[in-house]
Structures are given as C-alpha cells and as structure tokens.
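Chemist: What would the 3D arrangement of this be:
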Amino acid sequence: MHFYLDISWMYFCIFFGAMLLISFIMNLQNMNFYTMHVVIRKFSIIDLEFPASALELVTFIKGIFLLPVELSKKSLRSLKGQLFLDYLFMPAAYGSIFILCMKVSLKMVSFGHILFAILAWLQVIAWLCDIIKNIYLFNKIGPAPAVSKPGVHIACQVLEMLKWGIALTGAVCSIAAIFYFWLVGRYSEHSIQYLLIIAAEIIVIFIAKKITIKSEKENLQKFQQTVS
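Modeler: Prediction:
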C-alpha cells in the first residue's frame with residue numbers, strides 16, 4: 001500500500017456529495033428525537049455522544065421508553081435509523097477529509113508533505129473510534145440500560161474526543177492550505193470544474209434544508225401542543 005496517493009478531485013466530489021446527502025437525511029431524523037427528562041423534550045445525537053455523566057446517557061435513553069407509545073416508537077426508530085445511517089456517513093466524511101489531506105500533501109514539500117499524509121491516514125483511526133462508539137450506543141438502547149462504569153464512560157469520551165480531534169484537525173488544516181494555494185495562484189485551471197460541482201452540491205442541500213425548515217417548525221408546534 002502506497003503512503004502517498006494521487007486521488008482525482010472527482011472522487012472528492014462524490015464522497016463530499018454523499019456526505020452532504022446523508023447528513024441532510026440524518027438532520028431530518030433529528031426532528032423526531034424526543035425523551036422524557038422531567039418533561040417531554042427534544043435531544044440531539046450530541047447529547048448521547050457527550051453526556052455529562054454515564055447516568056445522564058442512560059437517563060436520555062430510558063426517557064425515550066417513557067414517552068407516549070407513538071412518540072416513543074417514532075423517536076426510537078429515528079435514533080436507531082440514524083445510528084445505522086451513520087455507518088454510511090462515516091466513509092463519506094472521513095473519505096472526504098482523507099482525500100483533502102492527501103491532495104494538500106502532494107502539493108507540499110518536506111515536512112508539510114509528510115504531515116498532511118499522516119493527517120490523511122489518521123482518518124482511519126477516527127473512523128474506527130466512530131464505529132466503536134456507535135456499537136457502544138447501540139448496546140445501550142433499551143428500556144433499562146445499565147449505567148457504565150466510570151472507566152468505560154471516560155474511555156468512550158476519549159474515543160469521541162479523539163475522533164473529533166483527528167477529523168477537525170485534518171479538515172481545518174487542509175481547507176486552510178487549499179485556500180492559501182488558491183490565493184497565491186498555485187492551482188490548475190481544470191480543478192475549477194470540481195469547485196463548481198462542490199458549490200452546486202452545497203447549494204442543492206442548502207435549498208433542501210430551507211424547504212424542510214417549514215416542516216421542522218410545524219413539528220415543533222405539534223410537539224409544543226403535545227407538551228401543553
């Protein structure tokens with residue numbers, strides 16, 4: 001296996017487009033995340049990824065089963081669906097960052113050449129951390145989940161921080177480097193077509209999100225009526 005890979009920007013467009021599409025679908029699922037936590041309230045996947053304590057995590061999950069039957073089924077179905085869909089989101093997201101870092105690496109010399117190649121391959125570790133955390137959350141979903149031991153909870157938090165740290169470092173550094181290359185004119189003219197494709201993908205998803213905002217507001221109103 002070669003440490004440095006020259007991957008076409010078209011593959012990035014495909015991975016990035018898939019990431020945006022899956023993220024959009026997951027955002028739709030987020031609208032149905034409810035739990036009984038003192039009162040009926042909404043929650044997000046971040047609440048499960050970064051709970052204040054192991055007890056808070058199981059409180060969120062137990063609360064789903066304490067909801068009215070229909071709302072409980074909808075919330076549970078959406079949560080499991082998002083965790084399953086996340087397995088498709090992972091290769092799209094980490095693959096996009098991998099390609100970005102590798103493209104920057106090939107334009108760098110000396111230390112930067114090695115650094116960005118390492119950042120690219122580190123995405124594999126971030127992916128593995130994400131898979132482990134997903135398995136952990138899947139095993140917690142049930143009417144009576146057990147509270148994890150402090151050591152297990154801390155280990156899961158470390159995995160989550162490692163995942164986000166690696167992914168964000170690779171994405172932010174590579175995007176900053178690419179902007180620099182554009183500013184100094186170190187880019188090829190044929191790459192502009194890929195930039196247009198990426199821009200089109202972002203615009204399409206942006207419009208789709210705007211359209212679904214109305215639906216989300218209606219769901220929120222129904223939720224408020226249910227609570228009241």
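Chemist: List the contacts of the residue lying closest to I7 once chain neighbours are set aside.
Modeler: Once flanking residues are discounted, I7 sits nearest to I99: 5.1 Å by Cβ to Cβ, 6 or more residues apart in numbering. (C-beta placed from N, C-alpha, C; glycine too.) By Cβ atoms under 8 Å, 6 or more residues apart in numbering, I99 lies in contact with 7, 9, 11-12, 15, 120.
Chemist: swap the cut-off to 7 Å and go again
Modeler: For I99, the contacting residues are 7, 11-12, 15, by Cβ atoms under 7 Å, 6 or more residues apart in numbering.
Chemist: next one: N134
Modeler: Contact analysis of N134 by Cβ under 7 Å, 6+ apart lists 83, 86.
Chemist: mean confidence for stretch 63-76?
Modeler: Here stretch 63-76 scores 92 as its mean pLDDT.
Chemist: Show me what counts as buried in it.
Modeler: The neighbour-count check on stretch 63-76 (16 or more other Cβ atoms under 10 Å) flags 63-65, 67, 71-72, 74-76 as buried.
Chemist: For stretch 116-126, give me every contacting residue.
Modeler: So stretch 116-126 is in contact with 3-4, 94, 97-98, 101-102, 104-105, 108, 163, 166-167, 169-170, 173-174, going by Cβ under 7 Å, 6+ apart.
Chemist: picking up where we left off before, okay, buried residues for the stretch of helix or strand the residue nearest to I7 belongs to please.
Modeler: Per DSSP states H and E, I99 falls inside helix 69-107. Going by neighbour count (16+ other Cβ under 10 Å), the buried part of helix 69-107 is 71-72, 74-76, 78-79, 82-83, 86, 89-105.
Chemist: cool, stretch 36-48 as well?
Modeler: In stretch 36-48, counting by 16+ other Cβ under 10 Å, buried: 36-37, 40, 42-43, 45, 47-48.
Chemist: Leaving out sequence neighbours, find the closest residue to F12.
Modeler: In space, and not counting its chain neighbours, F12 is closest to I99: 4.4 Å by Cβ to Cβ, 6+ apart.
Chemist: again, but for I131
Modeler: Closest residue in space to I131, ignoring its immediate chain neighbours: M90 at 7.0 Å, by Cβ to Cβ, 6+ apart.
Chemist: Would you confirm that that neighbour contacts W127?
Modeler: Yes. In terms of Cβ atoms under 7 Å, M90 counts as a neighbour of W127; the distance is 5.5 Å.
Chemist: What's the separation between the closest residue in space to Y11 that isn't next to it in sequence and C13?
Modeler: Distance criterion Cβ to Cβ, 6+ apart; nearest residue to Y11, sequence neighbours excluded, is I99 at 6.1 Å. With the distance defined as Cβ to Cβ, to the nearest Å, I99 ends up 10 Å from C13.
Chemist: Equivalent analysis for V38, please.
Modeler: Taking Cβ to Cβ, one finds V38 at 46 Å from C13.
Chemist: And F65, by the same measure?
Modeler: Separation of F65 from C13 (Cβ to Cβ): 42 Å.
Chemist: same question, I203
Modeler: For I203, the distance to C13 (Cβ to Cβ) stands at 14 Å.
Chemist: Who has more neighbours out of those two?
Modeler: Counting neighbours by other Cβ atoms under 10 Å for I203 and for C13 shows that C13 has the greater number, 20 against 10.
Chemist: Low-confidence ranges, the chain, go.
Modeler: Applying pLDDT under 70 to the chain picks out residues 1, 214-228.
Chemist: hey, where'd the strands end up in it?
Modeler: 34-37, 39-42 (DSSP state E).
Chemist: quick one, which of those is nearest to V152?
Modeler: strand 34-37 (21.8 Å; Cβ to Cβ).
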